[in-house]
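# Here's my sequence, what's the structure:
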Amino acid sequence: MTRRLVALAVLVTAFAAAGCSIPTQSAPSTVAPSKVPFNLLDPHPSTTTTTQPKAPSYVSVKVFFINGATQQLQAEPRYVQPPAPLTSILTAMLQGPTSAEMASGVFTAIPSNVTVLTAATTAPNVVTVNMNQAFSQIQGTNTELSVAQVVATVAAENGLGTGVIFEIDGQRTSVPIANASLVAGPVYLIQFLSAAT
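This is a model prediction of the structure:
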């Protein structure tokens, strides 16, 4: 009885294996085109490529700070995303010098709570820079130095002959130049030559 059960189990296993085996043939045969899966006959199979997102390219611009030893304007490089609008350039300047620049004696006369609201060309060779109320709170010699930083940064981007009109929350304001007089603008870099390198 046990031998019969063993023989039966072997026979069942053999049939199961035969049903699961891969059919083979002794020579290759031709497959009709209608039986070939879609696109396998395409002489130019499509290629799939993975496109990595490109890192945004940046453009180099100049912003101006103050050299602590000479009290003169000093240009430093910054990188902003194109098309590098003037608002972005001034914002980069308002972020202040790097730790390495500060270690070399460079500082900014503009407090960190100052922001540029808008900066746009409003007349030929004239740019209007609209700052928040914090800009009007700057006092003493820092006021003149702050104005010089803004004017120099604008002139470096738009040309030395560019004048700057200052606004505080959209209202035109007078600012000091190198001789300490207040002017309503436009203010030009030449008026700060004694403070510029």
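# Can you get me a residue count around the residue lying closest to Pro85 once chain neighbours are set aside?
Excluding its sequence neighbours, the residue lying closest to Pro85 (Cβ to Cβ, 6 or more residues apart in numbering) is Ala119, at 7.6 Å. The C-beta positions use only the backbone N, C-alpha and C, and glycine is treated the same way. Here the neighbour count serves as a burial measure; for Ala119 (other Cβ atoms under 10 Å) it reads 25.
# helix or strand for Met102, which one?
Using DSSP states H and E, Met102 falls within helix 99-103.
# returning to that earlier point: so the residue nearest to Pro85 makes contact with Thr128?
Yes. With contact taken as Cβ atoms under 8 Å, Ala119 and Thr128 are classed as touching, separated by 7.3 Å.
# what about the helix holding Met102, average pLDDT?
Here the mean pLDDT over helix 99-103 is 97, rounded to a whole number.
# who's in contact with that helix?
The list of residues contacting helix 99-103 from outside it, by Cβ atoms under 8 Å, 6 or more residues apart in numbering, reads Phe65, Glu76.
# after that helix comes which helix or strand?
Stepping forward along the backbone from helix 99-103, the first helix or strand reached (DSSP H and E) is strand 106-107.
# mind listing what the helix or strand following that following strand pairs with, with the direction of each?
Using DSSP H and E, the next helix or strand after strand 106-107 towards the C-terminus is strand 116-123. Strand 116-123 has its sheet partners listed here by DSSP bridges as strand 126-131 (antiparallel).
# in the helix or strand just after the partner strand, what counts as buried?
Scanning forward in sequence from strand 126-131, with DSSP H and E defining helices and strands, the next element found is helix 141-158. Of the residues in helix 141-158, 143-158 count as buried by neighbour count, 16 or more other Cβ atoms under 10 Å.
# and of these, the nearest to Ala180?
Proximity of the buried residues of helix 141-158 to Ala180 was ranked by Cβ to Cβ; the top entry is Glu144 with 7.0 Å.
# list the contacts for the residue nearest to Thr141 when sequence neighbours are not counted?
Taking Cβ to Cβ, 6+ apart, and ignoring the residues beside it in sequence, Thr141 has Ala109 as its nearest neighbour in space, at 7.8 Å. For Ala109, the set of contacting residues under the criterion of Cβ under 8 Å, 6+ apart consists of Ile66, Ile138, Thr141, Asn142, Thr143, Leu145, Ser146, Gln149.
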